[in-house]
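In: can't give you the sequence, but here's the structure:
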Ligand SMILES: O=C(CO)[C@H](O)[C@H](O)COP(=O)(O)O
């Protein structure tokens with residue numbers, strides 16, 4: 001990456017930079033997937049290389065595993081870690097209860113398993129992901145390739161029976177071919193418009209044969225850290241509500257940030 005970063009990238013960097021303050025020596029850390037999570041992985045890598053931080057990372061995708069190794073983080077599997085101290089990840093939407101839609105980057109299955117196996121899940125994001133009601137972002141569901149068109153019909157019928165708005169679903173594509181996840185599955189994106197009861201929808205979707213997992217994260221996230229392009233950080237904590245924080249004055253002096261702009 002080179003040149004001037006966009007305001008959104010600056011905001012993502014600020015959120016990532018604040019989130020890594022939660023990481024301490026000896027921790028097992030879940031490493032999310034996506035452009036915001038990639039900033040966090042780079043920040044942690046810098047702490048490992050420059051400050052001697054000792055952590056083990058459990059990545060949520062092959063992309064993140066590759067980046068983590070590249071920046072010097074020791075990578076282990078979830079089975080080796082068994083349980084994690086914290087997972088830091090991005091999101092596509094979050095609401096006032098810190099429920100999320102995730103999976104825009106196609107890694108929702110590993111992301112949900114890893115976040116659920118963590119003492120704490122911290123979401124890092126820019127302000128554009130905050131919504132009053134989840135659902136404007138198409139909800140990704142991971143389905144096995146066998147009979148995916150039948151699974152799609154079953155999901156649509158189920159949505160009609162639940163009287164859920166929207167109901168269109170599309171198979172995610174990668175060029176001319178269906179998108180394939182790290183587990184060899186496909187993704188259906190559900191265009192719902194507005195999700196009334198995320199918990200109920202999540203439970204019902206996972207009952208449909210062929211559905212592996214859906215991108216609704218209900219009662220999993222503990223903290224959302226919102227970054228802004230001018231360095232301001234705001235934290236939403238599930239227990240403490242909104243915590244206004246000072247503007248962080250590191251953007252122009254941060255080595256990692258400067259490197260990325262060169
Ligand atoms: O859920 C995800 C990947 O499956 C990502 O966290 C989500 O799509 C946000 O990505 P970005 O940080 O690039 O906006």
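Out: Cool, the structure landed. Bear in mind that the values here come from a model prediction, so they are computed numbers and not experimental data. Numbers count the residues shown, from 1 in each chain.

In: for this structure, which residues are neighbours of the ligand?
Out: Contact residues, the chain versus the ligand (CB under 6 Å from any ligand atom): 32-37, 89-92, 102-108, 111. Any C-beta I mention is one placed from the backbone N, CA and C, and that applies to glycine too.

In: which of these fall in strands?
Out: Counting by DSSP state E, the residues of the chain next to the ligand place residue 89 in strands.

In: buried subset of the residues of the chain next to the ligand, written for ChimeraX?
Out: Remark: buried members of the residues of the chain next to the ligand, expressed as a ChimeraX selection using 16 or more other CB atoms under 10 Å:
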select :32,33,34,36,37,89,90,91,92,102,103,104,105,106,107,108,111
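
In: excluding chain neighbours, what is closest to residue 168?
Out: Nearest residue to residue 168, sequence neighbours excluded (CB to CB, 6 or more residues apart in numbering): residue 191, at 4.3 Å.

In: how many neighbouring residues does that neighbour have?
Out: 15 (other CB atoms under 10 Å).

In: pLDDT wise, what is it at?
Out: We have a pLDDT of 95 for residue 191.

In: same check, this time on residue 29
Out: At residue 29, the model reports a pLDDT of 99.

In: contacting residues around it?
Out: 23, 44, 55-58, 84-88 (CB atoms under 8 Å, 6 or more residues apart in numbering).

In: all the helices of this structure, in order from the start?
Out: Counting by DSSP state H, the chain has helices at residues 7-19, 35-51, 62-70, 78-81, 108-116, 148-161, 198-205, 255-261.

In: distance to residue 183 and mean pLDDT for the ones you listed - can I get that in CSV?
Out: Putting these into CSV (distance: least, CB to CB, whole Å; pLDDT from 0 to 100) gives the following:
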stretch, distance to residue 183, mean pLDDT
helix 7-19, 26, 95
helix 35-51, 19, 97
helix 62-70, 11, 98
helix 78-81, 13, 98
helix 108-116, 6, 98
helix 148-161, 14, 95
helix 198-205, 17, 97
helix 255-261, 31, 68
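
In: let's have these in JSON lines, adding distance to residue 223.
Out: Putting those into JSON lines (distance: least, CB to CB, whole Å) gives the following:
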{"stretch": "helix 7-19", "distance to residue 223": "8"}
{"stretch": "helix 35-51", "distance to residue 223": "13"}
{"stretch": "helix 62-70", "distance to residue 223": "20"}
{"stretch": "helix 78-81", "distance to residue 223": "20"}
{"stretch": "helix 108-116", "distance to residue 223": "12"}
{"stretch": "helix 148-161", "distance to residue 223": "31"}
{"stretch": "helix 198-205", "distance to residue 223": "18"}
{"stretch": "helix 255-261", "distance to residue 223": "22"}
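
In: what about these, which gets the closest to residue 212?
Out: Counting by CB to CB, residue 212 lies closest to helix 108-116 out of the helices of the chain; the figure is 6.1 Å.

In: can you list contacts of that closest one?
Out: Contacts for helix 108-116 (CB under 8 Å, 6+ apart): 30, 32-33, 58-61, 78, 84, 87, 89, 102-103, 121, 140, 142, 181-183, 185, 212-215, 217, 220-221.

In: ok, now with 6 Å
Out: With contact meaning CB atoms under 6 Å, 6 or more residues apart in numbering, helix 108-116 is reached by 30, 58, 60, 87, 89, 102, 121, 140, 142, 183, 213, 215, 220.

In: return the closest of the contacts of residue 29 with respect to the ligand.
Out: For the contacts of residue 29, the minimum distance to the ligand (CB to the nearest ligand atom) is 10.2 Å, reached by residue 88.

In: give the burial count for the closest one, as a bare number.
Out: 29.

In: can you check residue 236 too?
Out: Residues near residue 236, counting by other CB under 10 Å: 21.

In: same thing with residue 160?
Out: A total of 10 residues lie near residue 160 under the criterion other CB under 10 Å.

In: break the chain down into its structural domains.
Out: Under the assignment automatic domain parsing, the domains of the chain span 7-129+219-261, 139-214.

In: my guess is residue 81 contacts residue 59, does it?
Out: No. Taking contacts as CB atoms under 6 Å, residue 81 lies outside contact range of residue 59: 10.9 Å.

In: this completes my enquiry, with thanks.
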